[in-house]
Structure formats: C-alpha cells, structure tokens
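[1] I would like to see how this sequence folds:
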Amino acid sequence: MTLTNLNEIAEYIVSNGKGILAADESTGTIKKRFDSINTESTEQSRKTYREMLFQADGMKGNIGGVILFEETLKQISEDGTSLVKIISNQGALPGIKVDKGLSPINDNSEETVTNGLDDLDQRCKEYFELGAKFTKWRAVINIGNDVPTDNCINENMLRLANYAKIVQANKMVPIVEPEVIMDGSHSIDECYEVTSRVLKSLFKHLKDKNVDITGTILKPNMVISGNSCPIQAGVKEVAEKTVKCLLENVPEELPGITFLSGGQSDIDATAHLDAMNKIGGFSWKLSFSYGRALQQAALKAWMGKEENMTNAKSAFSHRALMNKKAALGNWNKDLEN
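    Have a look, this model is predicted:
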C-alpha cells in the first residue's frame, strides 16, 4: 500500500465506510478493563488481547486505521511478526497516541491542559521510522459551573494546532481530538454551544499555524445530552444537532470526521453515526474512531482465556462491520440480531 502524501493517507483511513479502531488505552486504563474480566494486565496479556483484535477477520475492509499505545507499536507476535505488520496486512494503517496526558491548567482549576509538546518532534521521528502513518492528541473539555472557560478552550486548541504542525512536518497525519466530555447533567443544547466554541477555536488555530486541513482528521464528540441529564435526547436529535454543529464549524476540505464514542453504548454509538449519514449533505466522510464501542463485546467474550479467542474475534468483527454500515448510512437495528 503506497500512500505518498498526507491527504491520501487521511482519505484512505475513512474510505468506503472504513473507520478507526482506538486501541491506545494507557496502561492504567487497560488495567481497569482487564480488572472487569478478572484478568491480570501484563505486557504479555495486553499483547495477546490486542493481537487477537488485529487478527480478526472483521479488520479487513472495515478498519482503515488503528491507534496504538507506544508499547504496542514496538511489540512482536509469537511468530516473530510485528503487530504493526499484522495491522498493515489487514489493510489498515498503524497510528499512535502521542500526547502525554493531562495536568491542571492552573493551581485552583478543575480544568486541564494536555501535555507532550516538549519532545514531540523527536518522538515523531522515531514513530515514523517504526511505521506509524498517523498520530492522535486528545484535549479534554468539561461542562459544568462556569466551565469551560475561554482560556481553557484557547490553550487546549492552541496545543492541538502546535501538535498538528509538528506531526505534519514529520510526514504523518494528525488526528485532532477535542473531546467535550459527556459526564454531567448538561442538556444537549449546552453540549452544542460548547462544542461549537471548541471547534471554532480549533480551526482558527489550525489555520493560524498553516496546518494542512486536507491532511488532517477530526475526532470530535457527538452533540449529546450529559449522561446524568434528566432529559436524554433521542437518536434523531443527536444526529441532527451534531451534523448542524459540524456544518457550521468544520471546513469542507477536511477529509474525514471520526467520532469518539465517549461512553455511549455499542448500539447507541452505531445508531447515531448511521442516522447522521442518512441525513447527508456534507463533504467530509463521517465515520468512527471507537475504543470501548468496538472492543467491549470482544473483551467480554474473551475473558482472558485462549479458548474464547474465536468468539471474541467474531464479536469484534461484528461491531466493526456494523459501524462500517453506519458510516455508509446502511445500518439498521435488525442487523444486530
């Protein structure tokens, strides 16, 4: 697979309904997932689990890119094949999470900024040599009393733009992930307003830094009710308000938008994506970059046991296919039975 420029890489990842498998959980996060199935999280068990996903039949044709944690980018399977090679053999491109997590924006604030710019250029050179074709950086924006502040949005979006510029200089596609968190009692309209502020700021900073939008992918939240809001918006409203917010704030030349699932159930994440693609009327590909919503069924089927691998691969393959259908606007609930 010879992809010669950033636009070709970005377009390939979201071509023909393909999306992204987010398998970049930090060591702490994947430990929590493994704890839920009474499985110890070790370098070997993490490799076994992720290799199982990458070898599933459902990777081929449904997954265009896989976001990896640094540990996985360097791992070798039992037969001597690198996990990067396994991913490539399935027709997907390997990518890597490059941010270094969050810290408080100042001493008295609950708001955070994302770290990792200091040595990013140096690390990007190494990741490119290891085979990475794209990268990801996540900013976190919370909705609550008097938050988010303009300062928090501005600082996080500026860092996303600086990250994107460095990554493109190193011949990789940046995925920019400004996540408005769904935890909270806020309404869907409050989520709309904050998401709109965030996207306006992000694309202003990307433009100011001369980032090539045609070689960039956006990984946003959907416009959705807070998870403890007493009034939960239905699928139709989520789809309509998300598409409207994107049309108002995202440049037409962006190749693809791959949503995060953000704690939605497997079916909700698929149903919302499908409903948006049934609306249509946008230039970019609308697809998925799911972690839990692609992996949870497989994790539960696996339970850390080798004899469950076939069932776990099937569970993952089913979710990958369902989300591809949603990215094409061809999903319906009957396909889940």
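[2] wait, residue 258 sits on residue 175?
    Yes: taking contact to mean Cβ atoms under 8 Å, the distance of 7.3 Å between residue 258 and residue 175 places them in contact. Every residue, glycine included, has its C-beta placed from N, CA and C.
[3] please name the nearest non-neighbouring residue to residue 236.
    residue 275 (6.4 Å; Cβ to Cβ, 6 or more residues apart in numbering).
[4] the one you found in helix, strand or coil?
    Recorded secondary structure, residue 275: helix (DSSP: H, G, I helix; E, B strand; the rest coil).
[5] now do the contacts for the residue nearest the centre of the chain.
    By Cα atoms, centre = their mean, the mean C-alpha position of the chain lies nearest to residue 289, the distance being 3.6 Å. Applying Cβ atoms under 8 Å, 6 or more residues apart in numbering, one finds that residue 289 lies in contact with 19-20, 22, 67, 175, 219, 258-260.
[6] apply 6 Å and report the result again.
    Going by Cβ atoms under 6 Å, 6 or more residues apart in numbering, residue 289 touches 20, 22, 219, 258.
[7] quick one: the third one and residue 177 touch, right?
    Yes: using Cβ atoms under 6 Å, residue 219 is in contact with residue 177, at 4.0 Å.
[8] one step back: between the contacts of residue 289, which has the most around it?
    Neighbours here mean other Cβ atoms under 10 Å. Within these, the largest count is held by residue 20, at 31 neighbours.
[9] and that residue, what are its bridge partners?
    According to DSSP bridges, the partner residues bridging residue 20 are residue 65, residue 289.
[10] can you report how many residues neighbour the closest residue to residue 215 other than its chain neighbours?
    Counting by Cβ to Cβ, 6+ apart, residue 6 is the residue found nearest to residue 215 once chain neighbours are left out, at 2.7 Å. Residues lying near residue 6 (other Cβ under 10 Å) number 21.
[11] closest one of the contacts of residue 289 to residue 137?
    Checking those against residue 137 by Cβ to Cβ gives residue 219 as the nearest, at 9.5 Å.
[12] any idea of the pLDDT on that closest one?
    Each residue has a pLDDT score; the one for residue 219 is 98.
[13] backbone dihedrals for it, please?
    Comment: the main-chain dihedrals of residue 219 come out as phi -120, psi 90, following degrees, to the nearest 10.
[14] for the one 5 residues further on, same thing?
    Main-chain torsions, residue 224, degrees, to the nearest 10: phi -150, psi 160.
[15] could you do the one 10 residues further on as well?
    Residue 234 has phi and psi values of phi -80, psi 180 when expressed as degrees, to the nearest 10.
[16] good, we can wrap up now.
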